[in-house]
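Q: Provide a 3D model corresponding to the input given below.
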Amino acid sequence: MVRFRFSNGVTVELIKGDITEVETDAIVNAANQYLEHGGGVAGAIVRKGGYVIQEESREWVRRHGPVPVGGVAVTGAGRLKAKYVIHAVGPRWGVDDPNLLRDAVVNSLRKAEELNLTSIALPAISTGIFGFPYDKAAELMADAIKSMANSLRSVRRIIVCLYGDEAYRTFTEVFNKTLGPVSQVSQ
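A: Numbers count the residues shown, from 1 in each chain. The predicted model follows:
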């Protein structure tokens, strides 16, 4: 694990593992606009948390329409250790504006603040079937977190949960460059 601490006490942790096992107030799902959770992170979340997450997602879309790219929706977390799932719709590499990945992260953090949560875990949004290279996703995610960290009031802990060695290595390199001026603690 690599940890960064901002002057206001907010910590950012990079961990390698399974986001469905992380104990935080909310986990972020890398979702599609229709919140149909078939594969990748989304499929794992529904398998572990229960079909109720898919049912709540469909109800959210019925009420509000598809989630825009860069936007978020919230459901309960079923049997997961978290209280909520924040479904963030990231951009597709080579199709959508890449900066919408930054928006997805910022909007996830804003939603966590709105819900008065203290901790949130994010996956490497858009790096699965949406095709984002790890380095580009890491740059945009680190920038989004850095831009929000000092304005956060309730959120004190941000975890970026990475699946696999390559993702963890790449995100660690990029976050070290982007968040380097904040105090870094490795464990």
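
Q: what are the ranges of the strands in this protein?
A: Secondary structure of the chain, counting by DSSP state E: strands at 2-5, 11-16, 26-31, 72-76, 84-89, 119-122, 157-162, 183-186.

Q: how about those in TSV, adding mean neighbour count, distance to Arg62 and mean pLDDT?
A: Every residue, glycine included, has its C-beta placed from N, CA and C. Shown next, in TSV, are the strands of the chain (neighbours: other CB atoms under 10 Å; distance: least, CB to CB, whole Å; pLDDT from 0 to 100):
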stretch	mean neighbour count	distance to Arg62	mean pLDDT
strand 2-5	19	40	92
strand 11-16	19	35	96
strand 26-31	28	16	97
strand 72-76	20	12	98
strand 84-89	27	14	98
strand 119-122	26	26	98
strand 157-162	24	30	98
strand 183-186	12	45	56
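
Q: Columns distance to Pro98 on top of the ones you listed, output as CSV?
A: CSV is the format used below for the strands of the chain (distance: least, CB to CB, whole Å):
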stretch, distance to Pro98
strand 2-5, 23
strand 11-16, 21
strand 26-31, 15
strand 72-76, 18
strand 84-89, 14
strand 119-122, 17
strand 157-162, 18
strand 183-186, 26
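
Q: Nearest approach to Glu59 belongs to which of these?
A: With CB to CB as the criterion, Glu59 lies closest to strand 72-76 of the strands of the chain, at 8.4 Å.

Q: For that closest one, which outside residues touch it?
A: 26, 31, 35, 52-53, 56-57, 60-61, 64, 67, 83-89, 104, 107-108, 111, 115 (CB atoms under 8 Å, 6 or more residues apart in numbering).

Q: residues contacting the most centrally placed residue in the chain?
A: With distances taken as CA atoms, centre = their mean, Leu122 lies nearest the centre of the chain, 2.5 Å away. Contact analysis of Leu122 by CB under 8 Å, 6+ apart lists Ile27, Val28, Ala88, Val105, Ser108, Met141, Ile158, Ile159, Val160, Cys161.

Q: try Tyr163
A: Per CB under 8 Å, 6+ apart, neighbours of Tyr163: Lys16, Gly17, Asp18, Ile19, Val41, Pro123, Ala124.
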